[in-house]
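Chemist: This is the structure alone, sequence omitted:
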């Protein structure tokens, strides 16, 4: 699906990682938001009519694939303006976030804040990487 990179990178990543950076280009953001809206319209249509999950009544990998995309996009001003227009997506997201695995995963995440190494263009230190890997091991257990 070619519009996913727009949703993931150009809007979510740019807004969430580089949200305070005046040096990031804004060219193409409007088109990316429009593409994101198109994807949300497709998802809304698929979920309308009382479908519990993206492909029907059963939870599938497609739901777990879309959840982090929809979650990350939700932090952007574009999504905050769009999501109220997509009630089926909001209901689906709440249903997905209430499942045990996403709840455990979210609970294990550190508080949301700036991603310093990304905003400064520097790679994470080995120490940060070790801490992240240790945290991932805790979540898996």
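Modeler: Nice, thanks for sending it over. Because the structure is predicted, anything quoted here is derived from the model rather than measured.
Chemist: show me where the protein has helices.
Modeler: Counting by DSSP state H, the chain has helices at residues 4-5, 14-17, 29-47, 61-73, 77-82, 87-97, 100-108, 116-119, 126-140.
Chemist: Now the third one: buried residues?
Modeler: Yep, that's helix 29-47 we're talking about. Going by neighbour count (16 or more other Cβ atoms under 10 Å), the buried part of helix 29-47 is 29, 32-33, 35-37, 39-40, 43-44, 46-47. C-beta coordinates here come from the backbone N, C-alpha and C atoms, glycine included.
Chemist: what does stretch 59-69 give?
Modeler: Result for stretch 59-69 [16+ other Cβ under 10 Å]: buried residues 63, 66-67, 69.
Chemist: What is the nearest of the buried residues of helix 29-47 to residue 73?
Modeler: residue 36 (6.8 Å; Cβ to Cβ).
Chemist: For residue 100, see how far away the closest one is.
Modeler: Residue 36 sits 29 Å away from residue 100, going by Cβ to Cβ, to the nearest Å.
Chemist: cool, and residue 84?
Modeler: From residue 84 across to residue 100, the span is 28 Å (Cβ to Cβ).
Chemist: Check residue 58 too.
Modeler: 17 Å.
Chemist: and what of residue 90?
Modeler: 20 Å.
Chemist: Between the two, tell me which one has more neighbours.
Modeler: residue 90 (16 against 7; other Cβ atoms under 10 Å).
Chemist: ok, the more buried one - contacts?
Modeler: Applying Cβ atoms under 8 Å, 6 or more residues apart in numbering, we find residue 90 in contact with 83-84.
Chemist: quick one: residue 42 and residue 111, what's the gap?
Modeler: 33 Å.
Chemist: let me fix that: residue 46
Modeler: For residue 46, the distance to residue 111 equals 33 Å [Cβ to Cβ].
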